[in-house]
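>>> No sequence on hand, only this structure:
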């Protein structure tokens, strides 16, 4: 379906065959990103891995490391906080806790342990949220590019982005100076960090949403929660400090639990001519709920991805075009391994150490799934749950 959003032709891709044409067959044409004044300001001329136009610079910055030790360190801290709440019998704001968990992992990977010691984690999180709001908002200049030439319009739409960019600039300069002035003796035995890809990891904010969604689905499906907890607790030894990444491969049930592209040349998609400069948006919501490709498409059934299931042959690496949680092609999410490992190890620990209950009021009225719009869609209400320490 071709729409004109303002002055911008926009192709909506809603079938696996069309998606394959855009993200694989014609991937070399649709690998670029549209210019946006907001992302140009926030990401230093759109030089980050998410919004950079397709060019040699983008190919050079598309690198992400895994940072296992940072994840396990942060998991221990989160489990400790939840254990304190369980002892006190109080509810835990999982939305805030898991958001901070994801933020702290990125901060740890970006600049090591002294990032937290300097009190920069909170600022980093606030700036990531500001980016998400700015990028996901309605920016009229994205749909009427000619307006950017009018200074008064440009000042109006770019003022907040410039303010946020100044705060990022101050933070990044401080981090770079810290690294340049830090004695080599203080780095012995530590993993190197990746300030080089700091800005690209802002877009991995979605990993927190996915972790919250996973816990939400489990709370709404008690039988699934029981099945997952039984697997984790029967497979792993009792009395463990935390579940580590070495043990994730033995947890089959646990494991199963998009930015617009821009065409750089004219091309044909399913007999239709798509002109150069067209934005392509993959309708992943529709693809993931299409009954032509999914058994019981509206139900949460992680069993479908397990051996013998209807979707057992699928993976999340962009090879199956009705299921693309991380995208596909040249612009597939570069943080796929980072995000997958983070979600799996945290979720395994949440269900290994604790049983979960809804607060009394929430149990009566049910979980509100109303969404808020942004660069990633998230629930409007926070997720409050009461943890109970699992008995050995």
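Now that the structure is in, tell me what you want to look at. Predicted, not measured: the structure shown is a model, and the values here were computed from it.
>>> ends of stretch 276-284, how far apart?
23 Å (CA to CA, to the nearest Å).
>>> Let me see the mean pLDDT of it.
Along stretch 276-284, the predicted confidence averages to a pLDDT of 80.
>>> Show residues contacting it.
Contact partners of stretch 276-284, identified using CB atoms under 8 Å, 6 or more residues apart in numbering, comprise 2, 5, 8-14, 19, 22-23, 30, 34, 258, 260-266, 274, 324-325, 327. The C-beta positions use only the backbone N, C-alpha and C, and glycine is treated the same way.
>>> buried residues in that stretch?
Burial within stretch 276-284, assessed by neighbour count using 16 or more other CB atoms under 10 Å, is assigned to 278, 279, 280, 281, 282, 283, 284.
>>> Could you do stretch 86-104 as well?
Buried positions in stretch 86-104, judged by neighbour count with 16+ other CB under 10 Å: 86, 91-92, 94-95, 97-104.
>>> Is residue 384 bridged to anything, and to what?
Beta-bridge partners of residue 384, counted by DSSP bridges, are residue 93.
>>> show me the contacts for it.
Taking CB under 8 Å, 6+ apart, we find residue 384 in contact with 91, 92, 93, 94, 359, 362.
>>> Show the model's pLDDT score for the last one.
Among the per-residue scores, residue 362 shows a pLDDT of 84.
>>> Tell me the spacing between it and residue 385.
Separation of residue 362 from residue 385 (CB to CB, to the nearest Å): 8 Å.
>>> Looking at those two now, which is surrounded by more residues?
residue 385 (24 against 18; other CB atoms under 10 Å).
>>> would you turn the contacts of residue 384 into JSON lines with distance to residue 81?
Compiled in JSON lines, these are given as follows (distance: CB to CB, whole Å):
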{"residue": "91", "distance to residue 81": "13"}
{"residue": "92", "distance to residue 81": "8"}
{"residue": "93", "distance to residue 81": "10"}
{"residue": "94", "distance to residue 81": "11"}
{"residue": "359", "distance to residue 81": "17"}
{"residue": "362", "distance to residue 81": "20"}
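>>> Mark which of the contacts of stretch 276-284 are part of helices, please.
The members of those that map onto helices under DSSP state H are residue 19.
>>> So, low pLDDT: which residues of the stretch 251-392 of the chain?
When the per-residue scores of the stretch 251-392 of the chain are filtered using pLDDT under 70, the ranges that remain are 252-261, 330-331, 334, 373-376, 392.
>>> That one: helices as residue ranges?
Secondary structure of the stretch 251-392 of the chain (DSSP state H, counting those that start in this stretch): helices located at 252-256, 284-287, 336-353, 360-365.
>>> nearest to residue 173, of those?
For the helices of the stretch 251-392 of the chain, the distance to residue 173 is smallest for helix 336-353, at 24.9 Å, taking CB to CB.
>>> My read is that residue 265 contacts residue 29, right?
Yes: checked against CB atoms under 8 Å, the pair residue 265 and residue 29 is within contact range at 5.2 Å.
>>> Of these two, give the one with the bigger neighbour count.
More crowded of residue 265 and residue 29, by other CB under 10 Å: residue 29, with 22 against 13.
>>> residues in contact with that one?
Shown here is residue 29, whose contacts under the criterion CB under 8 Å, 6+ apart are 263, 264, 265, 267.
>>> Which of those residues are buried, as a PyMOL select command?
Selection command for PyMOL covering only the buried members of the contacts of residue 29, criterion 16+ other CB under 10 Å:
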select buried, resi 263+264+267
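>>> and the contacts of residue 29 as a markdown table, adding distance to residue 131?
Written out in a markdown table, the entries for these read as follows (distance: CB to CB, whole Å):
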| residue | distance to residue 131 |
| --- | --- |
| 263 | 26 |
| 264 | 26 |
| 265 | 30 |
| 267 | 31 |
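>>> Greatest separation within the contacts of residue 29: which pair is it?
The largest separation in those, counting by CB to CB, is between 264 and 267 at 9.2 Å.
>>> related to what we said a few turns ago, identify those among the buried residues of stretch 86-104 that sit within strands.
Residues from the buried residues of stretch 86-104 lying in strands, with DSSP state E as the criterion: residue 92.
>>> Which of the buried residues of stretch 86-104 sits closest to residue 240?
Taking the buried residues of stretch 86-104 together and measuring to residue 240 by CB to CB, the closest member is residue 86, at 16.5 Å.
>>> Residue 79 versus the closest one, what's the distance?
From residue 86 across to residue 79, the span is 10 Å (CB to CB).
>>> what do you get for residue 122?
Where residue 79 is concerned, residue 122 sits at a distance of 21 Å (CB to CB).
>>> Which one of the two is surrounded by more residues?
Between residue 122 and residue 79, counted using other CB under 10 Å, residue 79 has the larger neighbour count: 20 against 12.
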